[in-house]
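Colleague: have a look at this fold, sequence not included:
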Ligand code: FES
């Protein structure tokens with residue numbers, strides 16, 4: 001069970017978009033941008049308020065890959081491992097970040113909730129490969145050292 005203020009926030013977001021079925025996606029997008037993830041309890045809550053079955057709301061949220069049911073860190077780092085980035089050595093960057101952050105493929109968020117590390121298949125900036133993003137800010141032509149330096153900067157920020 002979430003604290004009451006989560007539900008109050010959901011009510012506010014629902015009020016701003018209206019409670020028609022078509023509001024489901026904009027509402028859950030706003031909730032996700034507020035909390036950096038979509039708490040499953042709020043998905044059920046919103047579905048109920050909109051008169052949509054929980055199963056339907058869940059299938060919509062899982063269809064769109066950018067919804068996450070897991071809490072994410074303050075900084076969400078996405079390392080591109082699409083073809084262009086891969087051939088320009090994105091994997092050593094990813095491995096360096098895993099070791100800097102004490103993370104792995106199975107554990108993607110640091111315990112202090114500062115960093116989440118993910119991979120993506122193309123960020124659409126192949127000319128700048130290898131690329132990573134931090135909360136949607138693009139960092140081009142990365143190296144393992146530059147990535148480690150970036151972590152230090154963000155920790156100090
Ligand atoms: S492959 Fe990395 S941005 Fe396209």
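Modeller: Received the coordinates, thanks. A quick note: this is a predicted structure, and the numbers were derived from the prediction, not measured.
Colleague: residue numbers of the protein in contact with the ligand?
Modeller: Contact residues, the chain versus the ligand (Cβ under 6 Å from any ligand atom): 80, 82, 83, 84, 85, 122, 123, 124, 125, 126, 129, 131. Every residue, glycine included, has its C-beta placed from N, CA and C.
Colleague: list the buried ones in the strand or helix carrying the fifth one?
Modeller: Counting by DSSP states H and E, the element that carries residue 85 is helix 83-87. Of the residues in helix 83-87, those buried by neighbour count under the rule 16 or more other Cβ atoms under 10 Å are 84, 85.
Colleague: ok, the closest residue to residue 40 other than its chain neighbours - contacts?
Modeller: Using Cβ to Cβ, 6 or more residues apart in numbering and skipping residues adjacent in sequence, the residue nearest residue 40 is residue 69, 5.2 Å away. Residue 69 makes contact with 37, 38, 39, 40, 43, 61, according to Cβ atoms under 8 Å, 6 or more residues apart in numbering.
Colleague: drop anything exposed from the residues of the chain next to the ligand.
Modeller: Buried by 16+ other Cβ under 10 Å: 80, 82, 84, 85, 123, 125, 129, 131, out of the residues of the chain next to the ligand.
Colleague: contacting residues for the residue of the chain most remote from its centre?
Modeller: Within the chain, residue 51 marks the point farthest from the mean C-alpha position, 27.2 Å out by Cα atoms, centre = their mean. When contacts are counted by Cβ under 8 Å, 6+ apart, residue 51 touches 19, 21.
Colleague: swap in residue 145?
Modeller: Applying Cβ under 8 Å, 6+ apart, the residues near residue 145 are residue 96.
Colleague: hmm, residue 80 is touching residue 118, no?
Modeller: No: counting by Cβ atoms under 8 Å, residue 80 sits too far from residue 118 to count as a contact (10.2 Å).
Colleague: thinking again about what came up before, quick one: contacts of the helix holding residue 85?
Modeller: Helix 83-87 has contacts (Cβ under 8 Å, 6+ apart) with 79, 122, 123, 126, 127, 129, 130, 131.
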